[in-house]
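Peer 1: Sequence first, predicted model second:
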Amino acid sequence: MDADLRSVVLDHLEQRGSIDDSVQLASEQQACDHNKLVGALKSLQALEMVETEAFEKKSWVLTEEAESYVAKGTPEKQVFDHVKAAGDEGVTQADLQAALRDVAKVGFAKAMQNKWVVLNKETKRATANVGDIEDEGKEQLQLVARWGGNAADLAAHLDDKKLQDLKKRKLVSQASVTAYAVRKGPQFSTTIAKKEADLTQEMILKGTWNNTEFKEYNFFAAGKDLGGGHLHPLLKVRAEFRQILLLMGFEEMPTNNWVESSFWNFDALFQPQQHPARDAHDTFFLTHPQSADRSKIDGSYFESVKRMHEEGGEGSIGWRYEWSEEESLKNVLRTHTTAVSSQMLYRLGQQYQKDRVFTPKKYFSIDRVFRNETLDATHLAEFHQVEGVVADKNLNLGHLIGIFKEFFRRIGITNLRFKPAYNPYTEPSMEIFGFHPLLNKWVEVGNSGIFRPEMLLPMGLPPDVQVIAWGLSLERPTMIQYNVANIRDLFGHKVDLAKLKTNPVCWLGNSQEQT
């Protein structure tokens, strides 16, 4: 069809020299859509065979209701035909409603106004008042369909008063269309030579490329979108969580080391070496390098941690076992980012020992951790942890709960529960649960508590300083927020890559609020 339209345009220009109005040309062609004609013009313009100049043109178009009247007749005509067919017996308005439905009411009123039908007040039956009528309304609509593309042409065929009456009845509406004036271009011809888009191997071998006309390159074309730069949903949520914590006054900790020694991952946290979490079925141990460099750890602190495990101190009796240096130096894929928190708190304690001035701190991190766990709908062997610690005096669980409620409020999760729990390095401890509407159950989203003195005192922190801490899953709050039932659909090799390309950046809750 486009090729035929291009020929129509070229033949018209050859015969008349120019085209003043593309809308008018489209109306002269049988069943020709103006948009398709515009496509043909742009194709010819790209070949420099024609030149175009756009201008705005007012037009009148039929509504969907009016188009049905062109096919079936106006409501008043349909009512008249039905009444006339009933003869002298006539019909009731209920009969008309049953037969003609939506057009019965407006059609009967208009037919009565035109005195085409009369209503017997005694029998309540309508009969025809004239022998035959012409459906002027349909004829007017046909004129709009024929000449409405040009308001000036329509005015010459249809009285403005009648046009406004059609508009009042919502049968026509005025529209603005972009029309084109067309004239011959520098490469004008009545025949269209096909230009090749690509130089092929066959053209080169046969030498036909020398006489082949190629399409010009469009250096201003946008080209195809590159398949890169798409952010994973978790990275978007991670950026949002990070912004929330920064707005709440937290400093970000460096978490670029995925491998930690068992000393920082477990021992510095006062977690005994016989604890089940340190078994191979819960932790990934490295085979190369198998052990950490002992010289990288401060000797006095190393001995203080060993002594606290074996003997205790400051009111604690410790764990009462023979602490193994070899076990402490085993390298692991960190099971939590608390391994980083322990190092930051150690530095804070050493700064206090040096200056004898304690400075309250609020730290956070969001990074990947690893657990040797069985995979299911809510568990992964590799996931992200949102870690936070607050070091200050006179802290308690009330402060910790307040931080949780404020943080989760900002991401739009307000349905929370807190449950007492046990952790070897926090006392008291509690778990945080959020309600998952899709799973219809409470899902654990994190763990928390107050670090034990047995962990803090060897670091050099003052005895009257408390440290509240928590570790939250990044995946599970995201699952709750976006109604994801299976965590493997959010992170891992089963993620739908198409979603990564189409999923927009979404800000959660009211994180833009300033604290």
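Peer 2: Perfect, thanks for sending it. Residues are numbered from 1 along each chain as shown.
Peer 1: can you list the residues that contact the longest helix along the chain?
Peer 2: Assignment by DSSP state H gives helix 338-355 as the longest helix of the chain. Residues outside helix 338-355 that contact it (C-beta atoms under 8 Å, 6 or more residues apart in numbering): 253-255, 257, 260, 264-265, 268-269, 298, 301, 334, 358-359, 361, 363, 365, 387, 389, 391, 425, 451, 455-456, 459-462, 467, 469, 471. C-beta here means a position set from N, CA and C on the backbone, and glycine is covered the same way.
Peer 1: First-to-last residue distance for stretch 246-260?
Peer 2: 26 Å (C-alpha to C-alpha, to the nearest Å).
Peer 1: Run through who's touching it.
Peer 2: Stretch 246-260 is contacted by residues 242, 245, 286, 331-334, 337, 339-341, 344, 361-368, 370, 387-388, 403, 406-407, 511, 513-515 when judged by C-beta under 8 Å, 6+ apart.
Peer 1: and Val38, how many neighbours?
Peer 2: 20 (other C-beta atoms under 10 Å).
Peer 1: isn't it right up against Tyr180?
Peer 2: Yes. Using C-beta atoms under 8 Å, Val38 is in contact with Tyr180, at 6.9 Å.
Peer 1: what residues are shared contacts of these two?
Peer 2: Common neighbours of Val38 and Tyr180 (C-beta under 8 Å, 6+ apart) are Ser22.
Peer 1: per-residue confidence averaged over the longest helix of the chain?
Peer 2: The average pLDDT within helix 338-355 is 94.
Peer 1: buried sites along the helix or strand just after that helix?
Peer 2: Counting by DSSP states H and E, the next helix or strand C-terminal to helix 338-355 is strand 361-370. By 16 or more other C-beta atoms under 10 Å, the buried positions in strand 361-370 come out as 361-367, 369-370.
Peer 1: before we move on, what about stretch 137-144?
Peer 2: In stretch 137-144, counting by 16+ other C-beta under 10 Å, buried: 137-138, 140-141, 143-144.
Peer 1: cool, stretch 161-178 as well?
Peer 2: 163, 166, 169, 171-172, 177.
Peer 1: Need the contact partners of that stretch.
Peer 2: 23, 34, 38, 54-63, 65-66, 69, 137, 140-141, 144, 148-149, 151, 154.
Peer 1: So which of these are in strands?
Peer 2: Per DSSP state E, strands hold the following members of the contacts of stretch 161-178: 54-62.
Peer 1: Filter the residues you listed down to the buried ones.
Peer 2: The buried subset of these (16+ other C-beta under 10 Å) comprises 57, 59-60, 62.
Peer 1: pLDDT and distance to Pro186 added to those residues, as TSV?
Peer 2: Output for those, formatted as TSV (pLDDT from 0 to 100; distance: C-beta to C-beta, whole Å):
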residue	pLDDT	distance to Pro186
Lys57	84	27
Ser59	82	32
Trp60	87	37
Leu62	90	40
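Peer 1: ok, and the closest non-adjacent residue to Lys84?
Peer 2: Ala128 (4.2 Å; C-beta to C-beta, 6 or more residues apart in numbering).
Peer 1: Then Arg242?
Peer 2: That would be Ile366: by C-beta to C-beta, 6+ apart, it lies 5.9 Å from Arg242.
Peer 1: Next up, the contacts around the one you found.
Peer 2: So Ile366 contacts 238, 241-242, 255, 384-387, 474 (C-beta under 8 Å, 6+ apart).
Peer 1: What separation is there between it and Lys184?
Peer 2: Separation of Ile366 from Lys184 (C-beta to C-beta, to the nearest Å): 65 Å.
Peer 1: how about low-confidence regions in the stretch 101-250 of the chain?
Peer 2: Scanning the stretch 101-250 of the chain for pLDDT under 70 picks out the ranges 227-228.
Peer 1: What ranges does it have for its helices?
Peer 2: 104-113, 136-147, 151-157, 160-168, 201-206, 233-247 (DSSP state H, counting those that start in this stretch).
Peer 1: quick one: the second one to helix 160-168, angle?
Peer 2: Spelled out, that is helix 136-147. 100 degrees (axes from the mean of the first three to the mean of the last three C-alpha atoms, to 10 degrees).
Peer 1: pretty sure Gln30 is in a helix, no?
Peer 2: No. Counting by DSSP: H, G, I helix; E, B strand; the rest coil, Gln30 is not found in a helix; it is coil.
Peer 1: On the pLDDT front, check it for me.
Peer 2: Per the predicted model, pLDDT is 72 at Gln30.
Peer 1: same thing with Arg410?
Peer 2: Reading off the model, Arg410 has pLDDT 86.
Peer 1: go on, Glu311?
Peer 2: pLDDT recorded at Glu311 is 90.
Peer 1: residues touching the residue lying closest to it once chain neighbours are set aside, list them.
Peer 2: Of all residues not flanking Glu311 in the chain, Gly318 sits nearest, at 5.1 Å (C-beta to C-beta, 6+ apart). With contact taken as C-beta under 8 Å, 6+ apart, Gly318 is in contact with 307-312, 454.
Peer 1: same check, this time on Ser328
Peer 2: 261-263, 266-267, 273, 306.
Peer 1: In TSV: those, plus secondary structure and pLDDT.
Peer 2: Formatted as TSV, the contacts of Ser328 follow (DSSP: H, G, I helix; E, B strand; the rest coil; pLDDT from 0 to 100):
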residue	secondary structure	pLDDT
Ser261	strand	93
Ser262	helix	93
Phe263	helix	94
Phe266	coil	92
Asp267	helix	93
Gln273	coil	90
Lys306	helix	94
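Peer 1: so which of those residues comes closest to Phe433?
Peer 2: Phe266 (25.6 Å; C-beta to C-beta).
Peer 1: Would you confirm that that closest one contacts Gln274?
Peer 2: No. Phe266 is beyond contact range of Gln274, at 10.8 Å (criterion: C-beta under 8 Å).
Peer 1: higher neighbour count, those two?
Peer 2: Per other C-beta under 10 Å, whichever of Phe266 and Gln274 has more neighbours is Phe266, with 28 against 10.
Peer 1: for the helices of the stretch 101-250 of the chain, which one sits closest to Pro420?
Peer 2: When the helices of the stretch 101-250 of the chain are compared (using C-beta to C-beta), the closest one is helix 233-247, at 25.3 Å.
Peer 1: what angle sits between that closest one and strand 361-370?
Peer 2: Using the same axes, to 10 degrees: helix 233-247 against strand 361-370 is 170 degrees.
Peer 1: and this structure, what are its domains?
Peer 2: As recorded under automatic domain parsing, the domains making up the chain are 75-134, 234-502.
Peer 1: Reformat these as JSON lines; add distance to Gln201.
Peer 2: Listed next are these as JSON lines, based on distance: least, C-beta to C-beta, whole Å:
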{"stretch": "domain 75-134", "distance to Gln201": "65"}
{"stretch": "domain 234-502", "distance to Gln201": "34"}
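Peer 1: residues contacting Gly315?
Peer 2: Pro453.
Peer 1: try 7 Å
Peer 2: Gly315 sits next to no residue when contact means C-beta atoms under 7 Å, 6 or more residues apart in numbering.
Peer 1: Ramachandran angles for it?
Peer 2: Here is the backbone geometry of Gly315 (degrees, to the nearest 10): phi 90, psi -10.
Peer 1: any idea how far it lies from Ala339?
Peer 2: 26 Å.
Peer 1: Indicate which one of the helices of the stretch 101-250 of the chain is closest to Val445.
Peer 2: For the helices of the stretch 101-250 of the chain, the distance to Val445 is smallest for helix 233-247, at 12.1 Å, taking C-beta to C-beta.
Peer 1: can you pull the buried residues of the closest one?
Peer 2: Those would be 233-234, 236-238, 240-242, 244-245, for helix 233-247 by 16+ other C-beta under 10 Å.
Peer 1: Stretch 87-100 now?
Peer 2: Residues of stretch 87-100 classed as buried under the neighbour-count rule (16+ other C-beta under 10 Å) are 90-91, 95-96, 100.
Peer 1: before we move on, back to that, which of the ones in strands among the contacts of stretch 161-178 lies closest to Gln201?
Peer 2: Ala54 (41.9 Å).
Peer 1: okay, now Asp225: neighbour count?
Peer 2: Asp225, neighbours per other C-beta under 10 Å, totals 8.
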